[in-house]
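1. have a look at this prediction, sequence included:
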Amino acid sequence: MDEEDWLRADVADNFFMVTPYDTSYSEAKSEIRMAYDDDAIYLAMIFFDVTDAPRVVESLRRDFAFNSNDNFLLFMDPFNDLTTGYSFGVNAAGAMWDGTMSNGAAVDLAWDTKWEVVVKDYDDRWVAEMRIPFKSIRYKAGLDRWNINFSRLDLSFNEKSSWAPVPRQFPTASLAFTGTLQWDQPPPDPGLQLSVIPYIFGGASRDFEFGDETTYRTDFGMDAKLALSSSLNLDLTYNPDFSQADVDQQIINLDRFELFFPEKRQFFLENSDLFANFGSNRVRPFFSRRIGIDAPVLAGARLSGTMGQQWRIGVMNMFTEESDFSPASNFFVATVQRQVFSRSNISAILVDRQNVDDTAFQSIGGYNRTGGLQFNLATQDNRWSGRAFAFKSFTDGVDQGSDFAQGADLTYATQRLRLNLFQQYVGERYTASAGFVPRTNFIQLEPTATFRLFPDNSPLVFHGAQLRVQNYFTPGDFRLNERESSLGYFFSFHNLSQIDIVLSHRFVELQRDFDPTNSGIASLAAGTDYSWFNAFVRYSSDTRKLFRYSVGAGRGGFYNGDRTFVQADFNYRYQPYGSVSMVASYNYLELPAPWGNNSFWLVGPQVDITFTPTLFFTTFVQYNEQMDNLNINSRFQWRYSPVSDIFIVYTDNYFPETMDSRNRAIVFKMSYWFN
């Protein structure tokens, strides 16, 4: 920090407090300096301590949990659209954070790129220096002003602050609240940049349940990244392997519809906002997990980025091989987005799944196509936000009509009040085979109101209530077939603990036969209706403590019986080298014959060790009583060079009662980033 460049650089200080209050300057003093040359942006940061309490650090793992670490984050919008950008950060132990930004505040941490950061500790402060190469990011050419903000979280003092002031009801990642980074001259054009990431793979697997012999496999593949301009990127992949992706966290399925599991494969996550942010949580025209889960991906390409002043485009084409479950298929997705007003945009999407061989898997249909439009609203002050969308599907062998989906929602948010109205309709024949639509033939209407109070001189930061009424109607006669009304009250304390209480009532008229245990014993008949009450309470402890926990319990009806459920989450960290945690849930169903009483345990202990910022080991065990399965997943990762990894992954599944193995596999994967 005593180098001449840093001594001459302007200082960004006088941060504003965001939480617990947003009406004064921060008490935790911070200083940020910036510089640049032809190759990179540089930052030097000093973060002074307020108390003698030890700094809070969860681990050395990249892309750490924001609320569990003392940290600094940089948010920058190099496109001047107040909607998209990048985030870089570091915790007090030197763990890195990097992600792409979309929707004005969302940070996608699946994105990794080459950059550097170093942290040094002192008794009264911690100091960091950061280098971000221009070729590692995309930005709009010719701009001499970027939107930017800095965020600091000091958990030991329980204060979040930012350089540009942010109202406390919004995250510091909100690009609606930024300052200006003024360049002496526009950043240099990085020119054509090519990165090639080949990988080699070796593994062995055996299925004991079906008596198969051990299968050995070796393979190779490659990803390539071509920066066509400072704001447009082409990604290519051949024979990708996703064996190192995080395992899904299982849940007990007592629902009538398909469960949603998030995408965790990096190729599909990078720039995913262009493709994945259409529709709603339950009406997605495109869901990337439909590609490459049941059948391996042979090759693919994706073009994404910014063109001109107000346009973003995304084009993706993926080819999957034939498997026992699905035909060889081609998936094509194209999107275009046009910025309107200050922070809003209009988008269009086209999704096409086409079987390569029309004679195979004829029950699936030769093709399915979905197209539509969406308007995303975000006002300059972030008080009003919303969306409106409309999609239509075209499916081989399915008659036209009732193949339409539309929806809209509008949110008004202030510090104390948040109002939302959400509506959507899905026709009976609407089909998105490359999307996620677990339910069709309904109209949904859902108003929500949340009110918060911020008392003075109290152990509470805030407390408040939320009222939500979720209604489902049958199209045509608009007859109510399902309603869930809930009233919750929540308390958030200065010591970061929280209490939640929820009372709810649910009415359901079944539209088709349903087994409430999902065990295949018997089914409740379509056309029958049920109603019941539920009560739930949860306590979450101080997240700054080395040992933290969350415990919740509920009791109420469940269709034609009763349900008792308990949820718990325990975590002990040995900072900064890792943690031991466990999630558990217990459901006890009291139902009449033929189901009787049923209990479902789900227990998931996990060990997460970060030896260094580049060397990790994780073991995750999941016992699922409903699935009658015990799963062990262990993963070793060594990032031996920037964005270059060696993975060793071991997976085993057992019958819980006998501990006989169902199947097991071990894989080795090595990749290297040539730039």
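-> Great, that's in hand. Predicted, not measured: the structure shown is a model, and the values here were computed from it.
2. worst-scoring helix or strand of the protein, pLDDT-wise?
-> helix 266-269 (a mean of 77; mean pLDDT, DSSP states H and E).
3. from the contact counts, what lies against the next helix or strand after that helix?
-> Later in the chain than helix 266-269, the nearest helix or strand by DSSP states H and E is helix 273-276. When contacts are defined as 3 or more CB pairs under 8 Å, 6 or more residues apart in numbering; DSSP states H and E, helix 273-276 sits against strand 311-320, strand 329-340. Backbone N, C-alpha and C define where each C-beta goes, glycine included.
4. ok, back up a step: neighbouring contacts of the least confident helix or strand of the chain?
-> 108, 110-112, 223, 235, 237, 240, 242, 245, 263, 288-289, 291, 300, 302 (CB atoms under 8 Å, 6 or more residues apart in numbering).
5. which of the residues you listed are buried, as a ChimeraX select command?
-> Buried residues within the contacts of helix 266-269, by 16 or more other CB atoms under 10 Å, are selected in ChimeraX with:
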select :108,110,111,112,223,235,237,240,245,263,288,289,291,300,302
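6. out of the contacts of helix 266-269, which sit inside strands?
-> With strands defined by DSSP state E, the entries of the contacts of helix 266-269 inside them are 108, 223, 235, 237, 300, 302.
7. and those, which is closest to residue 368?
-> The closest of the ones in strands among the contacts of helix 266-269 to residue 368 turns out to be residue 300 (CB to CB; 18.4 Å).
8. and the gap between the residue lying closest to the closest one once chain neighbours are set aside and residue 357?
-> Spatially, and ignoring its direct neighbours in sequence, residue 300 is nearest to residue 318 (3.8 Å; CB to CB, 6 or more residues apart in numbering). From residue 318 across to residue 357, the span is 17 Å (CB to CB, to the nearest Å).
9. so between those two, which is more surrounded?
-> residue 318 (24 against 12; other CB atoms under 10 Å).
10. which residues touch that one?
-> By CB under 8 Å, 6+ apart, the residues touching residue 318 are 291, 292, 297, 299, 300, 330, 331.
11. I'd say residue 231 and residue 139 touch.
-> Yes - judged on CB atoms under 8 Å, residue 231 makes contact with residue 139 at a distance of 6.1 Å.
12. same drill for these two, tell me which one is more crowded.
-> A count of neighbours by other CB under 10 Å puts residue 139 above the other of residue 231 and residue 139, at 23 against 19.
13. tell me the contacts of that one?
-> Contacts of residue 139 (CB under 8 Å, 6+ apart): 78, 79, 146, 187, 230, 231.
14. will you turn these into a markdown table that also has secondary structure?
-> Compiled in a markdown table, the contacts of residue 139 are given as follows (DSSP: H, G, I helix; E, B strand; the rest coil):
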| residue | secondary structure |
| --- | --- |
| 78 | coil |
| 79 | coil |
| 146 | strand |
| 187 | coil |
| 230 | coil |
| 231 | coil |
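15. buried subset of those?
-> Neighbour counting by 16+ other CB under 10 Å classes 78, 79, 146, 187, 230, 231 among the contacts of residue 139 as buried.
16. which of those lies closest to residue 26?
-> When the buried ones among the contacts of residue 139 are ranked by distance to residue 26 (CB to CB), residue 146 comes first, at 23.0 Å.
17. wouldn't the closest one be in contact with residue 77 here?
-> Yes - in this structure, residue 146 is within contact of residue 77 by CB under 8 Å, at 6.2 Å.
18. and the strands in the stretch 551-675 of the chain, which stretches?
-> Ranges of strands within the stretch 551-675 of the chain are 561-573, 578-590, 597-612, 615-624, 629-641, 644-654, 661-671, based on DSSP state E, counting those that start in this stretch.
19. let's have those strands in TSV, adding mean pLDDT.
-> Formatted as TSV, these follow (pLDDT from 0 to 100):
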stretch	mean pLDDT
strand 561-573	97
strand 578-590	96
strand 597-612	95
strand 615-624	96
strand 629-641	95
strand 644-654	95
strand 661-671	95
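20. and the ones you listed as CSV, adding distance to residue 173 and mean neighbour count?
-> Below are those laid out as CSV (distance: least, CB to CB, whole Å; neighbours: other CB atoms under 10 Å):
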stretch, distance to residue 173, mean neighbour count
strand 561-573, 24, 17
strand 578-590, 24, 18
strand 597-612, 24, 16
strand 615-624, 25, 18
strand 629-641, 25, 17
strand 644-654, 27, 18
strand 661-671, 29, 17
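21. just put those strands in a markdown table and tack on distance to residue 252.
-> Below are the strands of the stretch 551-675 of the chain laid out as a markdown table (distance: least, CB to CB, whole Å):
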| stretch | distance to residue 252 |
| --- | --- |
| strand 561-573 | 9 |
| strand 578-590 | 6 |
| strand 597-612 | 5 |
| strand 615-624 | 8 |
| strand 629-641 | 12 |
| strand 644-654 | 18 |
| strand 661-671 | 20 |
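22. wait, which of these is closest to residue 219?
-> strand 661-671 (9.4 Å).
23. give me the contacts around that closest one.
-> 197-209, 241, 243-244, 629, 644-655.
24. bridged to the spatially closest residue to residue 74 that is not a sequence neighbour, which residues?
-> Take residue 74 and drop its neighbours on the chain: the residue closest to it by CB to CB, 6+ apart is residue 88, 4.8 Å away. With DSSP bridges applied, residue 88 shows beta-bridge pairing to residue 74, residue 98.
25. name the residues contacting each of residue 231 and residue 139.
-> Common neighbours of residue 231 and residue 139, counting by CB under 8 Å, 6+ apart, are residue 79.
26. how about low-confidence regions in the stretch 101-250 of the chain?
-> Residues of the stretch 101-250 of the chain meeting the criterion pLDDT under 70: 245.
27. if we can go back for a sec, surely the residue nearest to residue 74 is in contact with residue 98?
-> Yes - shown here, residue 88 and residue 98 form a contact pair, counting by CB under 8 Å, at 5.3 Å.
28. hey, what's in contact with both of these two?
-> Jointly contacting residue 88 and residue 98 under the rule CB under 8 Å, 6+ apart are residue 115.
29. okay, those two: which has more neighbours?
-> Per other CB under 10 Å, whichever of residue 88 and residue 98 has more neighbours is residue 98, with 25 against 22.
30. what's the separation between that one and residue 270?
-> Distance, residue 98 to residue 270, using CB to CB: 11 Å.
31. okay, and the common contacts of these two?
-> residue 111.
32. what about residue 420, how many residues nearby?
-> 17.
33. confirm for me that it is in contact with residue 409.
-> Yes - with contacts counted by CB under 8 Å, residue 420 reaches residue 409, the gap being 6.3 Å.
34. now the common contact residues for these two.
-> Common neighbours of residue 420 and residue 409 (CB under 8 Å, 6+ apart) do not exist.
35. from residue 374, how far off is the most far-flung residue of the chain relative to its centre?
-> In the chain, the greatest distance from the average C-alpha position (CA atoms, centre = their mean) is reached by residue 4, at 41.6 Å. Going from residue 4 to residue 374 by CB to CB gives 51 Å.
36. hey, C-alpha coordinates of stretch 162-177 in PDB?
-> Provided in PDB are the C-alpha atoms of stretch 162-177 (Å, rounded to 0.1, in the frame of the first residue of the first chain):
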ATOM      1  CA  SER A 162     -21.600   0.200   0.800                       C
ATOM      2  CA  TRP A 163     -19.800   3.000  -1.000                       C
ATOM      3  CA  ALA A 164     -22.900   4.200  -2.800                       C
ATOM      4  CA  PRO A 165     -25.900   4.200  -0.400                       C
ATOM      5  CA  VAL A 166     -28.300   1.300  -0.600                       C
ATOM      6  CA  PRO A 167     -31.700   1.300   1.200                       C
ATOM      7  CA  ARG A 168     -31.700  -1.600   3.700                       C
ATOM      8  CA  GLN A 169     -34.700  -3.400   2.100                       C
ATOM      9  CA  PHE A 170     -32.500  -4.100  -1.000                       C
ATOM     10  CA  PRO A 171     -29.300  -6.100  -1.400                       C
ATOM     11  CA  THR A 172     -26.000  -4.200  -1.800                       C
ATOM     12  CA  ALA A 173     -25.800  -6.100  -5.100                       C
ATOM     13  CA  SER A 174     -28.600  -4.000  -6.500                       C
ATOM     14  CA  LEU A 175     -27.300  -2.200  -9.600                       C
ATOM     15  CA  ALA A 176     -30.100   0.400  -9.200                       C
ATOM     16  CA  PHE A 177     -27.900   1.900  -6.400                       C
END
